[in-house]
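Q: The sequence isn't on hand, but the structure is:
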């Protein structure tokens, strides 16, 4: 369950009649506990409460109190030996009138009426495995509002299925945007009095809901009619208190879907929330899912935290504005110059969604402007920062509407905070009808047309504020553009090449065809980087996007970044990989990076990374390369030979056999071979899965000299004939050619002494790269890379942290797994000169790793390298290995992965330079 679903379940529980016997189980069920878990608690099988309550190990101890005895019962729960034994994090008690709980881990408490306990649902979210609790609690109102709006939306579609069709979906979304505005306006004095909209609907609509849609329609019509025209419009007298709003929000159709009694009840409950608490920073990203059928199943999960947004906006331009504010001190002239500068800054999000980045940027700039006004003794001064300087492009019409609405709400809240209620209200209505959010495909429109360079009039494609978003002939609205700085930012859709639709492939084709041969391998987000680079050729711009970290890894680097660098750009700042989490229960998040490009960067670039404790670490450097390392702009490309004194790494053997050459252990037995025949014709074979998980798999291994004997064995001959049939039927000519030797795999490589093995695919969660040694009677498939009869010290290098961070950077990944490459990861790996003593020490390290593994036989690589349960002696063997290797590189241990990569790129640059390549490679 996600946070929104939990809130809805908790709210339902609070509205039901209090049942002392059922409350503990209903409470746990609301947090996603399965029926089997509840059944075991009911039976007592897993309930170890010593107070007649319900105790869930590691989670919560609940006891229902006698009337008026809540506080004493909570104290008893806290003192309970069972609570301690079960390591319960929470204790909770209620008598149906009062409600009290405590988080024993933090000491934080909740005390409220029973009806109000849903307001504190965020307090208990760890019970559902949701760890982003602070984010949820900071936005608890937004989650509750989203939950209720979603229920209303779904209920309305039940009775108005035509409103959910493609033809009317826009009108339904527009209706929801109008409702959100009304709920906000009635609680913030934009409408006179409190609760005007909700109270009017409640009083004027029938309890059976038969005319609810008519009442709401008349309210909307009133807000689209100026005072002077209302008599002629024949509006009902009860609408007179509603102000003229327009601005496009209430223009056009005033059609309203029909309401059932349940839908009317939902609407009144929504109106009963305190909408002064709305947070436009993140509300939009939640509410947009209400109107998107595909996203509704993940409702509440699309949370973009303000701290994450500021990781983009602060180094993009806000930090520099704050520095200038500090430098200005109390100088009236300097403060005025800074205020004038801020008023002309334009922020552009070409994948703006519901406007999160634009709203946060606007609010941060208003805060700086207000500080300037305070220092200049111009308290309450009207802002010079126009909303129309915060522009966006968004593909989905409802999200575009919500983006504008979020900015309008943000402007009002800022005016209220910095100027006071009277001034905020007098400038708020009627709304401005200009459209500064474009509903379109950002990768198919010309950004220069939307935001021309300074000094021109902007003929901006758009409509009224929110109406007619699907009209292809959107009206052109002129904005006076006085110039100023332009900053492009956002969190565009990522989508790896495998997951892109035909239309999305077409978007990238328009942008990259003729520029790059391998553009089809690029993530979708690369299109935004290229469009931003193109825009920056017309106007000085700094662009920063949140992106999958894959565009700074592996094969995408040599495709994308030479294009951008070739246009005169450099990386101005970056944030290395971090988890972009959401509100999903047990959410894994996605690993992202932040990259900013500029064709006029500062001399000092800023490189941010996250420490093990989660703190942000900043490094100032003269250059950031496309792998997000403080190093020169070197591009690592595939190499056919190794750089330094390391052994050759080869592909394994590719069967191309239709399964006839590969056998399970039972199939080996079915061949009916003698022990001698098994020894000569059967080999154990390893692919990535077999090596890591210890699975048994075998293959036919027939040397040419033994073919005649092998063919005399019926069971083997039948398999060879099967291989021949498969290869001849293939459309691949090379497979056809191989039919002449159907008793063998494409390659027949095997070590005479041993084979060092490296799985081609392995999980990124392991602390070290899986590798090892197999005997001379075993072989590998093409899913494993091999070093045949190579000195053991090579394994020490492969097993090191140093090599892991290198291949993670230059090889890239398949989904979230490492995708190893011999030509990209091993042949490019920079290894300095190794003395014989170095090799001896490394050999001993590799032996120690193998011995540590052997001590835990028959544990598999998967068992041994689980990051949670890795044996201490094996971890120590790896630590010693890293110690030896890193002292070879720099004479000490590296401080972190950032320092490791800096050294590796420095060494790679030297070893691949024309002047040094021959010298270094010969060592």
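A: That came in fine, so what should we check first? The shown structure was predicted, so the numbers you read here are calculated from the model rather than taken from an experiment.

Q: Go ahead and confirm residue 429 touches residue 245.
A: Yes: the criterion here is CB atoms under 8 Å, and residue 429 meets it with residue 245 at 5.9 Å. To be clear about C-beta, it is placed using only N, CA and C from the backbone, and glycine gets the same treatment.

Q: if you count what's nearby, which of the two comes out ahead?
A: Neighbours per residue (other CB atoms under 10 Å) separate residue 429 from residue 245, with residue 245 holding more: 25 against 16.

Q: OK, contacts around the closest residue to the more buried one other than its chain neighbours?
A: Distance criterion CB to CB, 6 or more residues apart in numbering; nearest residue to residue 245, sequence neighbours excluded, is residue 223 at 4.1 Å. By CB atoms under 8 Å, 6 or more residues apart in numbering, the contact set of residue 223 is 242-246, 249-250.

Q: can you put those residues in CSV and add pLDDT and distance to residue 417?
A: Listed next are the contacts of residue 223 as CSV, based on pLDDT from 0 to 100; distance: CB to CB, whole Å:
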residue, pLDDT, distance to residue 417
242, 93, 25
243, 92, 22
244, 92, 25
245, 90, 22
246, 79, 25
249, 82, 23
250, 86, 26
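
Q: wait, which of those is closest to residue 573?
A: Set against residue 573, the nearest of these by CB to CB is residue 249 (37.9 Å).

Q: just checking, residue 750 touches residue 685?
A: No: using CB under 8 Å, residue 750 makes no contact with residue 685, being 9.9 Å away.

Q: Find residues that contact each of the two.
A: Jointly contacting residue 750 and residue 685 under the rule CB under 8 Å, 6+ apart are 778-779.

Q: out of the two, which sits in the more crowded spot?
A: Using other CB under 10 Å as the criterion, residue 750 and residue 685 rank with residue 685 on top: 26 against 20.

Q: Next one: the more buried one from residue 626, what distance?
A: 38 Å (CB to CB, to the nearest Å).

Q: about what we covered before: against residue 239, how distant is the residue nearest to residue 245?
A: 9 Å.

Q: And the pLDDT at residue 285?
A: On the pLDDT scale, residue 285 is placed at 63.

Q: Now do the contacts for residue 590.
A: Contacts of residue 590 by CB under 8 Å, 6+ apart are 494, 548, 579-580.

Q: Just the buried residues of those.
A: Among the contacts of residue 590, those buried by neighbour count (16 or more other CB atoms under 10 Å) are 494, 548, 580.

Q: In CSV, list those residues along with distance to residue 443 and secondary structure.
A: Shown next, in CSV, are the buried ones among the contacts of residue 590 (distance: CB to CB, whole Å; DSSP: H, G, I helix; E, B strand; the rest coil):
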residue, distance to residue 443, secondary structure
494, 14, coil
548, 16, strand
580, 21, strand
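
Q: Turn the residues you listed into TSV, columns for pLDDT and distance to residue 16.
A: TSV is the format used below for those (pLDDT from 0 to 100; distance: CB to CB, whole Å):
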residue	pLDDT	distance to residue 16
494	83	42
548	86	45
580	70	38
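
Q: Present the residues you listed as TSV; the columns should include distance to residue 170.
A: Formatted as TSV, the buried ones among the contacts of residue 590 follow (distance: CB to CB, whole Å):
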residue	distance to residue 170
494	27
548	31
580	30
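
Q: Return the closest of the residues you listed with respect to residue 888.
A: residue 548 (33.8 Å).

Q: Next up, the contacts around the closest one.
A: 494, 496, 523, 525, 590-593.

Q: Widest-spaced pair of those residues?
A: Across these (CB to CB), the longest gap, 14.5 Å, separates 496 and 593.

Q: Give me the more crowded residue out of these two.
A: residue 593 (21 against 18).

Q: what's the helix or strand for that one?
A: strand 590-598 (DSSP states H and E).

Q: Check which residues of the helix or strand following that strand are buried.
A: Using DSSP H and E, the helix or strand that follows strand 590-598 in sequence is strand 605-610. For strand 605-610, a neighbour-count test (16+ other CB under 10 Å) marks 605-609 as buried.

Q: One more: stretch 854-866?
A: Quick answer for stretch 854-866 (16+ other CB under 10 Å): 859-866.

Q: what's the answer for stretch 319-336, then?
A: 321, 324-325, 328, 334-335.

Q: Now go through the residues you listed and say which are in strands.
A: Using DSSP state E, no member of the buried residues of stretch 319-336 falls within strands.

Q: Take those residues and keep only those in helices.
A: 321, 324-325, 328, 334-335 (DSSP state H).

Q: Return the member of these nearest to residue 360.
A: Once CB to CB is applied, the member of those that ends up nearest residue 360 is residue 321, at 13.8 Å.

Q: Quick check: which element contains the nearest residue to that closest one once chain neighbours are set aside?
A: Distance criterion CB to CB, 6+ apart; nearest residue to residue 321, sequence neighbours excluded, is residue 368 at 5.5 Å. Using DSSP H and E, residue 368 maps to helix 356-375.

Q: Appreciated, that's everything.
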